[in-house]
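Based on what follows, work out the 3D shape:
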Amino acid sequence: MTRVIKYVFYDILRTRFILLYTIFLFVSTMAMYQLDSDSGKVVLSLVNIVLMVVPLVSIVFTTIHFFNSYEFIELMLAQPINRSVIFLSEYVAVAFSLCFAYIAGVGIPIAMYGFNPGGITLLFTGTMLTMVFVSLAFFSSVLTRDKAKAIGIALLFWFYFSLIYDGLLLWVVYTFSEYPLEKVTVGLVALNPVDLARIMMLLTLDISALMGYTGAFYKDFFGSYVGMTFSVTILFLWILLPLLGSLRIFSKKDL
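Modelled structure (predicted):
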């Protein structure tokens, strides 16, 4: 498995996309620090990049890479190698390369200007979202043999979690505003990894007031040890469940 991971990882590096992605994140982060000396404001500005750009890049790049590697996957399947080993090797290599690019591109400037809780949380949530959307990309890739359809499904995942879901959540909150929805919204937030990462970031920066009248409840719950454990657990489930589902489909799929 290690040899397959190394080959896939070196193949990804040859595309130079990871290098360009790292440079983009590094330049963007450094530019934010040059424009504002307040690290809290810089991290808040970087949240938009983490919540929008990182998931989009992760899910699109992974989907394209999976279909570009189809011939290599078929060649490996002709060898006495278990399907799960090949699939998980692809996942580990892609996830590691994207996470490394994110941590290097964002983490180096943060380290240069001083670590703080906001910066650490930014690195953690960005890494988790990268792995979540890599898992979703693999799931969309095994659903069809058509590359265009797979990219379309992947983009729908990103569009839904990054844009549509927030609108639906706001509609529910305002429609049933006369009812106590605090506990309900916690469950609804858990259904969207992007919203969960956003709340973790806002609470770390101590600006929960931006989340409206439920901000106080979010601060009490997500700011506690139980709430942080809940958030991290849910993010890990968002990584594991799509990955296990895609692995199950891939193991039974006729390539």
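
where along the stretch 151-255 of the chain do the strands fall?
When assigned using DSSP state E, counting those that start in this stretch, the stretch 151-255 of the chain turns out to have no strands.

May I ask you to name the longest helix in this structure?
Once the chain is assigned using DSSP state H, the helix that runs over the most residues is helix 83-113.

List the buried residues of that one.
By neighbour count on 16 or more other C-beta atoms under 10 Å, the buried set for helix 83-113 is 83, 86-107, 109-110, 113. Just so you know, the C-beta spots here come from the backbone N, C-alpha and C atoms, and that holds for glycine as well.

which residues touch the closest residue to residue 26 other than its chain neighbours?
With sequence-adjacent residues excluded and distances taken as C-beta to C-beta, 6 or more residues apart in numbering, residue 26 is closest to residue 105, at 4.4 Å. Contacts here follow C-beta atoms under 8 Å, 6 or more residues apart in numbering; on that basis residue 105 touches 21-26, 28-29.

hmm, who's touching the helix or strand harbouring residue 31?
Using DSSP states H and E, residue 31 sits within helix 17-35. When contacts are taken as C-beta under 8 Å, 6+ apart, the neighbours of helix 17-35 outside the stretch itself are 12-13, 39, 42, 45-46, 49, 57, 61, 97-98, 100-102, 104-106, 108-110, 112-113.

mind checking how far that helix is from the chain centre?
When C-alpha coordinates are averaged (C-alpha atoms, centre = their mean, to the nearest Å), helix 17-35 and its chain have centres 18 Å apart.

Give me the residue ranges of the stretch 1-150 of the chain where confidence is low.
Counting by pLDDT under 70, the stretch 1-150 of the chain contains low-confidence residues at 1.

how about a cut-off of 90?
Along the stretch 1-150 of the chain, the model assigns pLDDT under 90 to residues 1-17, 31-52, 68-87, 89, 110-121, 143-147.

what's the angle from the longest helix of the chain to helix 17-35?
Calculated by axes from the mean of the first three to the mean of the last three C-alpha atoms, to 10 degrees, helix 83-113 forms an angle of 20 degrees with helix 17-35.

what is the orientation angle of the following helix or strand past helix 83-113 with helix 17-35?
Following the chain from helix 83-113 toward its C-terminal end, the next helix or strand by DSSP H and E is helix 117-142. Here the directions of helix 117-142 and helix 17-35 differ by 150 degrees (the same axes, to 10 degrees).
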